[in-house]
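In: just need the structure, nothing else, for what follows:
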Amino acid sequence: MKRYFSRKIIIPVVAATFLFVGVSFKNDFFEIAKQIEIFTGLFKTVNQNYVDETNPGEMMDIAIKNMLKELDPYTVFFNEQDVLKFKINNTGEYTGIGAMVQRKEGKVFLKEIYKGFPADKAGLKAGDEVIQIGDISLKEYKEDASQLFRGAKNTKVEIQYIRQGKTQNATIILDDVEIKAVPFFTLLKDNTGYIVLTKFTEKASFETKAALLELKKQGATKIILDLRGNPGGLLHEAVNICNLFVPKNELIVTTKSKNPKHNLEYRTKNEPIDLEIPIAVIVDGKSASASEIVAGAIQDLDRGVILGTRSFGKGLVQRPLDLSYGTQVKVTISRYYTPSGRCIQALDYSKKDETGKAIKKNQTEFTAFKTKAGRTVYDGGGVLPDIEIEETKMATVTDAVVKTDAIFNFATQWYYKNPTVSGIPTISDADFIAFKTFLKQEKISLDTETNKALKNVLETAKKEKIDTQITNEYKQLELAIEKNQEMELDKNKNQIKKLIQEDLITRYQYREGLYQFYTKENLEIEKAISLLNNQTQYKSILKK
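Out: Below you'll find the predicted structure:
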């Protein structure tokens, strides 16, 4: 069975231990049986007696998902459609249209078009709002609309969509779609091989190995492994990728749980490809789970240098367990630990603040561990790079802008105003001013923590019926925050312009064009090349 990311009491007498476990199991079993009986009775009674017609299936789906939310975001229930989607995420293969589909505020948009696949061939573009698929109008459709794009190969799907205010029609012919785990690799200057790994699917290690061998064949004497934005995936694939660079039988990750059967060690099983080639691994705040296993193991084993910004901090392992009627539950079964013994989990889901959010571990609470060569590393907050690149860390206001989809929507407008662009699209200062105007015209609210806190104050004031008494003060504070946000936008102008530019490059030249752009103009890659060319610095970081 594959594993996925995301009390011990010592009794000296063995017989007493078995007795304790047995009693504990009986107590747990009784409590579970009791609560199931209560819930079953409640569910049946409510559905039979409620004043209006109910939808038992929908009610149960909501009940299950809300119950699991209390545990952590990764323990989730999958209905039959969810199971299919989950399998697609792990294989990267499916029959469909070859586009990223997003639902937001009740509308369905195409977020990204993959080159050469059905959506691209049908002339669809990022930003198109799909309003009808076949005979189904998406206006009242509550299910996952992307499932309507699935079907047998060569099936014709008629869709209706809105582009720049105009309703249009298209016919898409479904075909096999394979999203590669390694969508791009190339040989950079100074014989530096560059590999982009975007997810840990079943073919991740196979594709990474193939890229590594090809780059070495082309003359690569150094390797950059780019894990930025990689959300993780299959645990064993993370182990296999580490195995390309570390010896056979090396400990990569350990999992620990209250259930002894989930306490496991994962070691490399094969002979490596190259034990000596210098490695730089790039991570950012969206590198999570399996990405952090790779980065953490490479760091703990002193096999390479980690660059970028602190990773996400997901030290939990999930496993899908089958239920009846083709459904599944993906359960967090254990925590994982890097070779030095650290767990990089950032949030403690057993402890919540007053708003119900999991508490983040404070840096003062981090525990120190030692790498194989004796370097100090810490747990509790993701993988901290050996070389931090603060300039690339996303500012709070930038993060808030990204979450609103303002950059994506502005880029859509820019794209149609500039249908033909030779080379790389550039964003001028005038474009940045236009972007700020766009934020105001669209009345886009940036939900920073300060903004959220201010809104909460007003809501509380309304409940206590004192909102009219503080209206003037509230407006003054609101204006002050808006002014500060304007200043923060200007302060992070280059970061925002860069994100707009990258969105546009993907539209004009697809994802491959973006990776090509990175190889010519990207701070993290430049620093990685510089480090790998300076073997004195490289070895001093690793204490070799």
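In: for residue 152, what are its contacts?
Out: 95, 174 (C-beta atoms under 8 Å, 6 or more residues apart in numbering). C-betas here are computed from N, CA, C, even on glycine.
In: need the three-state assignment for it.
Out: Put simply, residue 152 is coil when judged by DSSP: H, G, I helix; E, B strand; the rest coil.
In: hang on, residue 272 in a helix?
Out: No: assignment of residue 272 by three-state DSSP gives coil, placing it outside any helix.
In: ok, it - how many residues close by?
Out: Residue 272: 17 surrounding residues under other C-beta atoms under 10 Å.
In: that one touches residue 243, doesn't it?
Out: Yes: using C-beta atoms under 8 Å, residue 272 is in contact with residue 243, at 6.2 Å.
In: which residue ranges form the helices in the stretch 351-500 of the chain?
Out: Taking DSSP state H, counting those that start in this stretch as the test, the helices found in the stretch 351-500 of the chain are 396-403, 406-417, 429-441, 449-463, 471-491, 493-520.
In: please apply the same query to the stretch 151-300 of the chain.
Out: 204-217, 235-243, 290-300.
In: those helices: which one's closest to residue 375?
Out: In terms of C-beta to C-beta, the element of the helices of the stretch 151-300 of the chain nearest to residue 375 is helix 290-300, at 8.2 Å.
In: name every strand pairing with the following helix or strand past the closest one and say which way it goes.
Out: Using DSSP states H and E, the helix or strand that follows helix 290-300 towards the C-terminus is strand 305-308. Strands adjacent to strand 305-308 in the sheet, as given by DSSP bridges, are strand 279-283 (parallel), strand 387-388 (parallel).
In: who's in contact with strand 305-308?
Out: Strand 305-308 has contacts (C-beta under 8 Å, 6+ apart) with 228, 279-284, 287, 295, 298-299, 383, 385-389, 392, 524, 527-528, 531, 538, 541-542.
In: adjacent strands (with direction) for the biggest strand by length in the chain?
Out: Scanning the chain for the longest strand, with DSSP state E as the assignment, gives strand 328-337. The pairing partners recorded for strand 328-337 under DSSP bridges are strand 76-78 (antiparallel), strand 251-256 (antiparallel), strand 316-322 (antiparallel).
In: can you put those in CSV and add mean pLDDT?
Out: Shown next, in CSV, are these (pLDDT from 0 to 100):
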stretch, mean pLDDT
strand 76-78, 86
strand 251-256, 97
strand 316-322, 89
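In: looking at those, which is nearest to residue 436?
Out: That would be, of the strands paired with strand 328-337 and by C-beta to C-beta, strand 76-78, which comes in at 38.1 Å.
In: now do the buried residues in the closest one.
Out: Counting neighbours by 16 or more other C-beta atoms under 10 Å, one finds that the buried residues in strand 76-78 are 76-78.
In: what do you get for stretch 353-362?
Out: Here stretch 353-362 shows residue 361 as buried, counting by 16+ other C-beta under 10 Å.
In: residue contacts, the closest residue to residue 509 other than its chain neighbours?
Out: Computed as C-beta to C-beta, 6 or more residues apart in numbering, the closest residue to residue 509 that is not its neighbour in sequence is residue 516, at 7.4 Å. Contacts for residue 516 (C-beta under 8 Å, 6+ apart) come out as 184, 186, 509.
In: how close does the second one sit to residue 215?
Out: Taking C-beta to C-beta, to the nearest Å as the measure, residue 186 and residue 215 are separated by 8 Å.
In: which residues do these two both contact?
Out: 193-194.
In: which of these two has more neighbours?
Out: Neighbour count, other C-beta under 10 Å: between residue 186 and residue 215, residue 215 has more, with 23 against 17.
In: check contacts around the more buried one.
Out: 185-187, 193-195, 223.
In: one more: residue 397?
Out: Going by C-beta under 8 Å, 6+ apart, residue 397 touches 446, 448, 485, 488-489, 491-492.
In: nearest to residue 158, of the residues you listed?
Out: Nearest to residue 158, judged by C-beta to C-beta, of these is residue 446 at 38.7 Å.
In: how many other residues sit next to that closest one?
Out: Neighbours of residue 446 (other C-beta under 10 Å): 21.
In: tell me the pLDDT at it?
Out: Looking at residue 446, its pLDDT stands at 78.
In: kindly report the same for residue 6.
Out: At residue 6, the model reports a pLDDT of 45.
In: ok, now residue 496?
Out: So residue 496 comes in at 96 (pLDDT).
In: please renumber the chain so that the first residue is 16 from this point on.
Out: Got it, first residue is 16 now, which makes that one residue 511.
In: ok, for it, nearest residue in space, not its chain neighbours?
Out: residue 413 (5.9 Å).
In: so the one you found makes contact with residue 508?
Out: No: counting by C-beta under 8 Å, residue 413 stays clear of residue 508, with 10.0 Å between them.
In: who has more neighbours, those two?
Out: residue 413 (21 against 17).
In: counting neighbours, what do you get for residue 90?
Out: Neighbour tally, residue 90, other C-beta under 10 Å: 19.
In: gap between it and residue 222?
Out: 29 Å.
In: with residue 552 instead?
Out: Look at residue 552 and residue 222: by C-beta to C-beta, they are 30 Å apart.
In: show me which of these two is the more surrounded one.
Out: residue 222 (20 against 14).
In: out of the buried residues of strand 91-93, flag the one nearest to residue 139.
Out: residue 93 (28.1 Å).
In: now the closest one. Nearest residue, chain neighbours left out?
Out: Distances taken as C-beta to C-beta, 6+ apart place residue 343 nearest to residue 93, at 4.3 Å, with adjacent residues excluded.
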